[in-house]
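Visitor: Fold the following for me, if possible:
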Amino acid sequence: MEMEIHFPGGKRVTSTYKGFTVETDQPKSEGGDDSAPEPYDLFLASIGTCAGVYIVYFCESRKIPIDDISMTLHFERNETSHLMEKIAIDVKLPADFPPKYKKAVIRAAQMCTVKRNLVQPPEILVTANGET
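Guide: Below you'll find the predicted structure:
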């Protein structure tokens with residue numbers, strides 16, 4: 001698998017994968033145009049949307065409507081390292097959500113592949129023209 005990364009100008013960086021282009025930019029305070037999310041914003045969004053997909057699959061397989069389900073991500077960043085110290089996902093279930101599935105839907109969200117990659121991170125190698 002391969003993803004292409006391009007530098008269209010300014011502080012913008014784009015990725016192209018599976019026919020989709022994802023744009024990023026930096027805020028004006030960092031010299032960007034604030035025209036797109038920062039890359040780290042997409043990282044956080046990938047955690048939430050990945051957990052959300054697992055909830056969708058769980059509910060669909062049990063014919064539970066998802067219209068009134070939502071989630072909120074709360075996160076705490078270390079001011080020195082600028083890394084996240086805690087990311088909490090709060091799944092908001094409607095009053096008529098089957099009580100017997102509440103713990104199971106939480107477990108489904110925890111199965112998110114993005115989250116599991118953080119627990120068991122891949123090796124990341126950086127090269128230039130194939131050389132270190």
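
Visitor: The residue most central in space within the chain: what's it in contact with?
Guide: Geometric centre of the chain, nearest residue: Ser46, 1.3 Å, by CA atoms, centre = their mean. By CB atoms under 8 Å, 6 or more residues apart in numbering, the contact list for Ser46 reads Val114. Just so you know, the C-beta spots here come from the backbone N, C-alpha and C atoms, and that holds for glycine as well.

Visitor: I'd like to know how far it sits from Ser61.
Guide: Between Ser46 and Ser61 the distance is 23 Å, computed by CB to CB, to the nearest Å.

Visitor: same question, Ala51
Guide: Relative to Ser61, Ala51 is positioned 16 Å away (CB to CB).

Visitor: now Lys92
Guide: Distance, Lys92 to Ser61, using CB to CB: 20 Å.

Visitor: Can you tell me what sits against the helix or strand hosting Ala104?
Guide: According to DSSP states H and E, Ala104 maps onto helix 102-110. Helix 102-110 is touched from outside by 51-52, 54-55, 57-59, 71, 89, 91, 93, 97, with contacts defined as CB under 8 Å, 6+ apart.

Visitor: now with 10 Å?
Guide: 48, 50-59, 61-62, 64, 69, 71, 89, 91, 93, 97-98, 101, 115-116 (CB atoms under 10 Å, 6 or more residues apart in numbering).

Visitor: after it, next one along is what?
Guide: helix 113-119.

Visitor: ok so, going back, so for Ala51 and Ser61, which sits in the more crowded spot?
Guide: Shown here are Ala51 and Ser61; by other CB atoms under 10 Å, Ala51 has more neighbours (23 against 9).

Visitor: what secondary structure does that one sit in?
Guide: Of the three states, Ala51 takes helix according to DSSP: H, G, I helix; E, B strand; the rest coil.

Visitor: Does it touch Val91 like I think?
Guide: Yes - the criterion here is CB atoms under 10 Å, and Ala51 meets it with Val91 at 8.1 Å.

Visitor: what residues go with each domain of this structure?
Guide: In terms of domains, the chain is parsed into 1-36, 38-119 (source: automatic domain parsing).

Visitor: For those, give me CSV that also has mean pLDDT and distance to Thr132.
Guide: Rendered in CSV, the data for those read as follows (pLDDT from 0 to 100; distance: least, CB to CB, whole Å):
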stretch, mean pLDDT, distance to Thr132
domain 1-36, 97, 18
domain 38-119, 96, 23
